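Participant: coordinates only, no sequence provided:
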């Protein structure tokens with residue numbers, strides 16, 4: 001928006017720096033807050049940017065072929081005079097096209113200003129009857145407001161469906177539809193609870209979603225009859241008829257369509273497709289690793305039992321040294337078995353769940369992509385139809401059928417309009433042109449909203465991935481330390497017990513065991529590396545944390 005309005009981006013960056021120096025934490029801003037700062041910047045600097053900057057930068061770009069009138073596209077026979085007006089369609093065909101619209105301003109309720117803690121618990125199986133299948137009802141408590149309701153997994157799916165209808169390009173947190181089968185298996189019930197818990201946790205992070213009356217009634221209305229009435233009433237409601245009916249926190253929305261925006265969105269589409277495949281594969285790999293580690297844990301447990309029996313046999317013949325050795329080896333095997341058992345639990349609770357959740361979230365992104373694809377298709381269909389009509393009317397040279405605005409007729413002479421397509425084309429059929437502009441604005445609105453959503457989801461996933469990777473590292477360091485401590489303790493104990501006659505054989509056995517069991521010989525600790533240059537320059541640092549300075553030639 002800054003660039004399209006002809007302002008220097010560096011000036012806006014300096015403006016943000018000054019805002020940050022005044023104590024405002026701009027790093028935590030959401031899109032609406034950043035958009036508000038853009039509008040304030042433009043208002044403060046409306047008369048201060050240089051004449052050189054007043055030419056919209058978009059005019060310097062190559063035209064978008066699919067958005068240009070067919071007759072106006074560059075070709076070998078195009079004269080220099082015609083080339084001078086080959087601007088993007090936003091400028092040439094729609095001279096009065098605005099990159100921003102005014103919408104309903106959202107009045108934030110008290111629930112938005114309250115940090116909610118939503119807990120899903122206490123699943124209860126409701127037995128079915130001849131005409132009604134059994135289901136599982138969960139208790140959903142909302143603190144600090146003191147709300148408590150009974151809802152099924154299907155109710156949560158319904159809530160998600162209705163929110164998608166109201167906010168079609170908002171990437172809603174996923175809910176696996178398999179949970180609607182109401183399996184009575186305890187493991188499946190726990191998965192449903194975790195899924196709903198994540199759903200509500202992510203849902204309340206979005207002010208628009210959290211501010212809806214539907215969200216409030218779902219969590220607050222404990223009367224089953226009233227809630228059924230709310231469901232019926234909500235399902236009768238139609239989605240917003242236009243983008244002007246979708247409320248915004250600042251009462252304004254960006255609707256510009258730029259080549260950069262479409263390129264970015266396409267890259268996010270490719271990213272989502274790739275992530276969908278990779279997350280599914282990683283989830284399967286995680287399951288395989290979990291099974292293998294579980295089997296390894298059982299093997300170590302069996303080995304511990306064998307060493308225990310060997311120790312018992314040697315104790316009966318009073319062979320003290322071998323008895324101590326086998327008891328010690330039993331302790332090592334028990335430690336390794338417990339370590340791998342904990343790793344199994346860790347993989348199940350962290351990596352497997354993480355990969356599965358985000359493979360489902362990619363599907364939520366694809367829901368939004370489907371909406372924007374349909375909007376773009378609708379817009380291009382009407383635009384193509386309009387361009388054909390304008391082309392034919394221009395070739396007919398009958399200005400009475402152009403239905404021009406009276407003010408436009410005074411702008412140019414009849415001879416100029418009939419001779420120069422670049423002058424007449426934007427003025428032909430003004431009413432239909434305005435309708436196509438609205439289709440374009442709808443596409444632009446969804447395009448910009450989805451870009452914002454894609455960035456939000458990507459950053460959230462990055463933070464979550466970093467948290468999980470740190471948890472993984474900490475867990476393995478902790479488990480390795482346990483094995484190392486156990487091994488050191490046993491080694492010190494046996495060094496006092498074993499005679500010199502068995503020393504060489506014992507040392508050889510230890511080395512072989514360390515290699516075969518991958519027992520750590522030293523403990524490593526996980527920590528974060530921070531340098532001021534790396535923090536300030538972001539991508540402008542090398543691996544050693546030094547600032548990379550490029551000399552000008």
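Facilitator: Looks like it came in fine. The structure displayed is predicted, hence computed values, not measured ones. Numbers count the residues shown, from 1 in each chain.

Participant: my guess is residue 189 contacts residue 136, does it?
Facilitator: Yes - at 6.6 Å, residue 189 and residue 136 qualify as touching, with contact defined as Cβ atoms under 8 Å. No exception for glycine: its C-beta is placed from N, CA and C like everyone else's.

Participant: how about the helix or strand containing residue 327: buried residues?
Facilitator: Under the criterion DSSP states H and E, the helix or strand holding residue 327 is helix 320-346. Within helix 320-346, the residues that count as buried by 16 or more other Cβ atoms under 10 Å are 322-344, 346.

Participant: right, and residue 3 touches residue 9 too?
Facilitator: Yes - between residue 3 and residue 9 a contact is recorded at 6.2 Å, counting by Cβ under 8 Å.

Participant: on that earlier part again, name the helices or strands packed onto the helix holding residue 327?
Facilitator: Helices and strands touching helix 320-346, as assessed by 3 or more Cβ pairs under 8 Å, 6 or more residues apart in numbering; DSSP states H and E, comprise helix 259-316, helix 430-497, helix 500-517.

Participant: if we use 7 Å, what do you get?
Facilitator: With contacts defined as 3 or more Cβ pairs under 7 Å, 6 or more residues apart in numbering; DSSP states H and E, the secondary structure elements packing on helix 320-346 are helix 259-316, helix 430-497.

Participant: quick one: which of those is nearest residue 388?
Facilitator: Distance to residue 388, taken as Cβ to Cβ, is lowest for helix 430-497 among the helices and strands packed on helix 320-346, at 11.5 Å.

Participant: look up the pLDDT of the residue positioned nearest the centre of the chain for me, please.
Facilitator: Residue closest to the mean C-alpha point of the chain, counted by Cα atoms, centre = their mean, is residue 457 at 1.7 Å. What the model reports for residue 457 is a pLDDT of 80.

Participant: what does residue 244 give?
Facilitator: 82.

Participant: find the nearest non-adjacent residue to it, please.
Facilitator: Beyond its immediate neighbours in the sequence, the residue positioned closest to residue 244 (Cβ to Cβ, 6 or more residues apart in numbering) is residue 103, lying 5.4 Å away.

Participant: what's near enough to touch that neighbour?
Facilitator: 243-244, 246-248, 251-253 (Cβ atoms under 7 Å, 6 or more residues apart in numbering).

Participant: export those residues to JSON lines and append columns for neighbour count.
Facilitator: Formatted as JSON lines, the entries for the contacts of residue 103 read as follows, by neighbours: other Cβ atoms under 10 Å:
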{"residue": "243", "neighbour count": "20"}
{"residue": "244", "neighbour count": "16"}
{"residue": "246", "neighbour count": "20"}
{"residue": "247", "neighbour count": "18"}
{"residue": "248", "neighbour count": "21"}
{"residue": "251", "neighbour count": "15"}
{"residue": "252", "neighbour count": "17"}
{"residue": "253", "neighbour count": "21"}
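
Participant: identify the residues contacting residue 308.
Facilitator: Neighbouring residues of residue 308 by Cβ under 7 Å, 6+ apart: residue 330.

Participant: and the two most separated of the contacts of residue 103?
Facilitator: 243 and 251 (12.8 Å).

Participant: where does pLDDT dip in the stretch 101-250 of the chain?
Facilitator: Residue ranges of the stretch 101-250 of the chain with pLDDT under 70: 128-131, 179-180, 182.

Participant: residue 274 and residue 267, how far apart?
Facilitator: Shown here: residue 274 relative to residue 267, a distance of 11 Å by Cβ to Cβ, to the nearest Å.

Participant: what about residue 309, distance to residue 302?
Facilitator: Counting by Cβ to Cβ, the gap from residue 309 to residue 302 is 11 Å.

Participant: picking that back up, between the helix holding residue 327 and helix 430-497, how many degrees?
Facilitator: For the pair helix 320-346 and helix 430-497, the angle between their directions (axes from the mean of the first three to the mean of the last three Cα atoms, to 10 degrees) equals 170 degrees.

Participant: after helix 320-346, next one along is what?
Facilitator: Beyond helix 320-346 toward the C-terminal end (DSSP H and E), the next one is helix 353-396.

Participant: for that next one, packing partners?
Facilitator: helix 259-316, helix 430-497.
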